[in-house]
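Visitor: when you get a sec, could you give me coordinates for this:
(one chain, ligands or ions: 1)
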Amino acid sequence: MRVVGNPDLETFARDNDLVGLTAPSLRAVLERRPGYSVDYARRFLAFQQRINEELLHHRVITDNLYTAWFEQGEQTHEQVKAFIVQFSVFSNLFLVAQLYKMINADSLKRMRASKEILANEIGVVFKPSRAGNAQALRNDADVDPQLVSSEGTVEGGVFRFRAAHFEWLLQIAQKLELGFNDVGKRRHGTASTLFFCDELKRLYGSEDYLVSQAASYAVENWAAAGFWDELVDGFNKYNARTDAALPLAFFTWHARLEAQHAQHTQEELEELYFARDLDESVFIRYGNEMLDGVAAFWDGSDEQRRRLAKN
Ligand SMILES: [Fe+2]
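Guide: So this is what the prediction gives:
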């Protein structure tokens, strides 16, 4: 399904019952690279089936009550404010988990991949890999999340304070009359937000790289499942209905980023599977623990907005 445009790989996949494997893995099997065989590839596809059934059907991926409500655009000013505070705590504390993930990486390549994310989070602008994006070379475009690239690498990229994702979030916070010290700190988090952040550190940032990879796969699949788009839709409706004029670039930028991620996540999982003999049940267990953490965040947000609705 992902090998469109390469008839050789497509035929190879069909002839060997390997439809569903990503192109890089198919190519490796075809070329009989070390660790890659048709049998092992079939084993992976059986594992993928288990993942689909036992992990990717987690309720936070299939049925997120909070974002479904948010998307309708009926939120009050207080509800938006409370949500931004909790999101700012997650956004800041995520840096801690990402730093642990980077430190605990099992190869230089994976360490760099984690460092890319961390550096970009704190303000290193992606340098588009394809030349000719003149727009991204302009100064203001470097910090404006509406124009800044969501693709490329931080290698050779420019650091700008104002390109830090947290600063984009601060712009919304300011519009809601939230000051710098009203957001982003641990003390501002509810119990469920802090549980989520701590689970991120424990699992996503785990010293056991299998746990970290399982959590990462789970988080990426949650993020790719459409919650950013739901939030963007909800905010747009809120802006249209009120005179709040919230600057939404933090959310639209992340929605754009996630749209490109899913394929990459899948290739990473296959790379991991072919590189080591991983314990499938352990992978699924820790993936689910991570998604339970994610669910706690959204459940907490849902409780909070219900409580605020009664006031
Ligand atoms: Fe971010």
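Visitor: measure Arg256 to Ala249 for me?
Guide: From Arg256 across to Ala249, the span is 10 Å (C-beta to C-beta, to the nearest Å). (Each C-beta comes from the backbone N, C-alpha and C, glycine too.)
Visitor: same thing with Asp279?
Guide: Taken as C-beta to C-beta, the span from Asp279 to Ala249 is 41 Å.
Visitor: more neighbours: which of the two?
Guide: For Asp279 versus Ala249, neighbours defined as other C-beta atoms under 10 Å are more numerous around Ala249 (18 against 12).
Visitor: my read: that one touches Trp168, true?
Guide: Yes. Look at Ala249 against Trp168 with C-beta atoms under 8 Å: they come within range, at 5.7 Å.
Visitor: so which elements touch the lengthiest helix in the chain?
Guide: Looking across the chain with DSSP state H, the single longest helix is helix 280-310. Secondary-structure packing of helix 280-310 (3 or more C-beta pairs under 8 Å, 6 or more residues apart in numbering; DSSP states H and E): helix 38-54, helix 59-62, helix 65-71, helix 77-103, helix 191-199, helix 209-224.
Visitor: in CSV, list the ones you listed along with mean neighbour count.
Guide: Shown next, in CSV, are these (neighbours: other C-beta atoms under 10 Å):
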stretch, mean neighbour count
helix 38-54, 14
helix 59-62, 16
helix 65-71, 20
helix 77-103, 20
helix 191-199, 20
helix 209-224, 23
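Visitor: now render the ones you listed as CSV, adding distance to Arg162 and mean pLDDT.
Guide: What follows is those, written out as CSV (distance: least, C-beta to C-beta, whole Å; pLDDT from 0 to 100):
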stretch, distance to Arg162, mean pLDDT
helix 38-54, 39, 95
helix 59-62, 32, 94
helix 65-71, 27, 97
helix 77-103, 15, 97
helix 191-199, 25, 98
helix 209-224, 24, 93
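Visitor: tell me which of these lies nearest to Gly293.
Guide: Between Gly293 and these, the shortest separation by C-beta to C-beta is 3.1 Å, and it involves helix 191-199.
Visitor: what sits up against the closest one?
Guide: 86, 89-90, 93-94, 96-97, 186, 189, 289-290, 292-294, 296-297, 299-301, 303 (C-beta atoms under 8 Å, 6 or more residues apart in numbering).
Visitor: ok, stretch 298-311 next?
Guide: 60, 64-67, 69, 75-76, 78-79, 82-83, 86, 190-193, 195-196.
Visitor: quick one: Phe274 and Leu26 touch, right?
Guide: No. Using C-beta under 8 Å, Phe274 makes no contact with Leu26, being 11.4 Å away.
Visitor: the two: which is more packed in?
Guide: Leu26 (25 against 21).
Visitor: and the gap between the closest residue to the more buried one other than its chain neighbours and Ala214?
Guide: Spatially, and ignoring its direct neighbours in sequence, Leu26 is nearest to Leu9 (4.9 Å; C-beta to C-beta, 6 or more residues apart in numbering). Going from Leu9 to Ala214 by C-beta to C-beta gives 28 Å.
Visitor: then His254?
Guide: 22 Å.
Visitor: one more: Arg241?
Guide: Applying C-beta to C-beta to Arg241 and Ala214 gives a distance of 41 Å.
Visitor: equivalent analysis for His264, please.
Guide: 17 Å.
Visitor: who's in contact with Leu269?
Guide: Leu269 neighbours (C-beta under 8 Å, 6+ apart): 213, 217.
Visitor: switch to numbering from 20
Guide: Shifting the count to begin at 20 puts that one at Leu288.
Visitor: any low-confidence regions in the protein?
Guide: Applying pLDDT under 70 to the chain flags residues 20-24, 148-166, 330.
Visitor: how about 50 then?
Guide: For the chain, applying pLDDT under 50 flags the ranges 20-21, 151-156.
Visitor: on that earlier part again, right, and the helices and strands packed on helix 299-329 - which one's nearest Phe199?
Guide: helix 96-122 (10.2 Å).
Visitor: so how far is that closest one off the chain centroid?
Guide: Chain-centre distance of helix 96-122: 13 Å, with C-alpha atoms, centre = their mean, to the nearest Å.
Visitor: same question, stretch 25-37
Guide: With C-alpha atoms, centre = their mean, you get 31 Å for stretch 25-37.
Visitor: and for stretch 223-239?
Guide: On C-alpha atoms, centre = their mean, the centre of stretch 223-239 falls 12 Å from the chain's centre.
Visitor: swap in stretch 69-84?
Guide: 15 Å.
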